[in-house]
Structures are given as structure tokens and as C-alpha cells.
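Q: Model the following, please.
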Amino acid sequence: QFHLVESGGGLMEPGQSLTLSCEAVGYTLQRHTTGWFRQAPGKEREEVACIPNYGGTTFYRDSVKGRFTIARSQGRVTLQMNDLKPEDTAVYYCAAPIRCNDDSMGADSFSSFGQGTQVTVSP
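A: Predicted coordinates for the structure are as follows:
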């Protein structure tokens with residue numbers, strides 16, 4: 001299992017941008033399909049975006065398409081979030097390895113999750 005660490009969360013205003021980063025301590029995530037999930041208060045965890053290990057198509061949930069971008073950078077996986085909305089408020093978790101294809105994503109019993117980073121979007 002991986003020890004995943006998320007960073008970059010914060011308190012933002014609607015319309016602002018924020019970049020989250022996910023690092024696997026002692027490993028590089030380059031070889032592992034990785035994704036971002038989020039959980040808002042009182043709601044179930046939901047999939048946000050994922051990126052395959054060696055190429056392939058990324059996946060985004062409909063509500064973030066065109067605003068969020070998942071990418072790899074120096075062994076980490078980042079989530080660039082633009083035009084933030086109050087409904088994006090949640091704890092964001094990265095996870096690996098996960099299932100990821102162009103129309104769905106999901107965690108498995110052997111997927112590791114980080115501790116999460118809080119993103120709050122409020123006027």
C-alpha cells in the first residue's frame with residue numbers, strides 16, 4: 001500500500017483557482033493509475049477525476065468537466081481546479097491504484113487513500 005499525502009487545500013472564493021497535489025511517500029505515482037475523490041459534509045464520497053498510469057484517457061465527473069484538470073508532474077498527481085464553486089467544497093482525497101477509463105473510475109479494496117485536504121469555497 002502507498003502512503004499518500006495530499007496538499008494544497010484552502011479557503012477560496014467562487015471563481016478562484018486552486019491546485020491540489022498528491023505525493024506517494026517513497027514512490028512515484030507515474031506507474032500507478034491515480035484519482036481524486038471528494039466528500040462533502042453529510043454526503044457520500046464521490047469520484048472527481050482520474051489519470052491512467054501509462055497514457056490513456058482521463059476521466060472527469062460531469063460537474064467538473066472544463067473546470068478541473070488532472071495531470072502528472074514530477075512523480076506527483078495534481079488537480080488544477082478553476083472557476084471554483086461553493087458546491088466544490090469538500091475534503092479531497094487522492095487514491096492509488098484505482099480503476100480508471102474514459103467513462104468511469106473507482107477504488108478497489110486494495111486502493112490506498114490519503115488523509116485528505118480541505119477545500120472550502122465560500123463568498
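
Q: Mind checking which residue lies nearest the centre of the protein?
A: Note on the chain: the residue nearest the mean C-alpha position is Trp36, at 2.2 Å, using CA atoms, centre = their mean.

Q: quick one: pLDDT of the closest residue to Gln39 other than its chain neighbours?
A: The shortest distance from Gln39 to any non-neighbouring residue, by CB to CB, 6 or more residues apart in numbering, is to Arg45 (4.3 Å). Yep, even glycine has a C-beta here, placed from its N, CA and C like the rest. Note for Arg45: predicted pLDDT of 97.

Q: ditto for Pro52
A: Looking at Pro52, its pLDDT reads 93.

Q: Confirm Ile70 sits in a helix?
A: No. Assigned with DSSP: H, G, I helix; E, B strand; the rest coil, Ile70 falls outside any helix and is strand.

Q: Look up phi and psi at the nearest residue to Ser122 once chain neighbours are set aside.
A: Distance criterion CB to CB, 6+ apart; nearest residue to Ser122, sequence neighbours excluded, is Pro86 at 6.4 Å. The phi/psi pair for Pro86 (degrees, to the nearest 10) reads phi -50, psi -30.

Q: ok, so what distance separates Pro86 from Ser63?
A: Going from Pro86 to Ser63 by CB to CB, to the nearest Å gives 12 Å.

Q: now this protein, which segments are flagged as low pLDDT?
A: Scanning the chain for pLDDT under 70 picks out 55.

Q: Spell out the residue ranges of the strands in this protein.
A: Along the chain, the segments classed as strands by DSSP state E run 4-7, 10-12, 18-24, 34-39, 46-51, 59-60, 68-73, 76-81, 90-96, 99-101, 104-106, 112-113, 117-121.
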